[in-house]
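A.B. asks: Here is a sequence with its predicted model. Questions after.
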Amino acid sequence: MSTRLELDLGNTRGKWRLLRDEAVADRGHFARGEFDGFDRLARTEQPQQIWVASVAGHEQEAELLAALAKLWPIEP
């Protein structure tokens, strides 16, 4: 079984979805800069891949990557 976490970081909010074998298994969203909302993500299995799409600035991207690093030892 393959798992992939896809994140879309926008200017005002972010969205995520977890795919298992290319089917959506879970999804959610969070306000810009509020990565503490990843509690639900932390309860999911560790993804094999993390994909990030972003139109946010470098500072927001760095915060997102730091939050992800606290959850899993995977580099997006």
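C.D. replies: Nice, I can see it.
A.B. asks: show me where the chain has helices.
C.D. replies: 39-42, 58-71 (DSSP state H).
A.B. asks: now for the last one, which elements pack on it?
C.D. replies: Under the contact definition 3 or more C-beta pairs under 8 Å, 6 or more residues apart in numbering; DSSP states H and E, helix 58-71 sits against strand 3-9, strand 49-54. In short, each C-beta sits where N, CA and C put it, glycine included.
A.B. asks: got the contact list for that helix?
C.D. replies: 7, 9, 14, 32-33, 35-36, 38, 41-42, 50, 52, 54, 56, 74, 76 (C-beta atoms under 8 Å, 6 or more residues apart in numbering).
A.B. asks: same thing with the first one?
C.D. replies: Under the contact criterion C-beta under 8 Å, 6+ apart, helix 39-42 has outside partners 5, 16, 18, 26, 28, 71.
A.B. asks: Which among those residues count as buried?
C.D. replies: 5, 16, 18, 71 (16 or more other C-beta atoms under 10 Å).
A.B. asks: Format these as CSV; extra columns: distance to residue 60 and pLDDT.
C.D. replies: Output for these, formatted as CSV (distance: C-beta to C-beta, whole Å; pLDDT from 0 to 100):
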residue, distance to residue 60, pLDDT
5, 17, 94
16, 14, 90
18, 21, 93
71, 17, 86
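A.B. asks: and those as a markdown table, adding distance to residue 65?
C.D. replies: Formatted as a markdown table, the buried ones among the contacts of helix 39-42 follow (distance: C-beta to C-beta, whole Å):
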| residue | distance to residue 65 |
| --- | --- |
| 5 | 13 |
| 16 | 14 |
| 18 | 18 |
| 71 | 11 |
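A.B. asks: returning to what we had before: check the helices and strands packed on helix 58-71 for me and report the most buried one.
C.D. replies: strand 3-9 (a mean of 18; mean count of other C-beta atoms under 10 Å).
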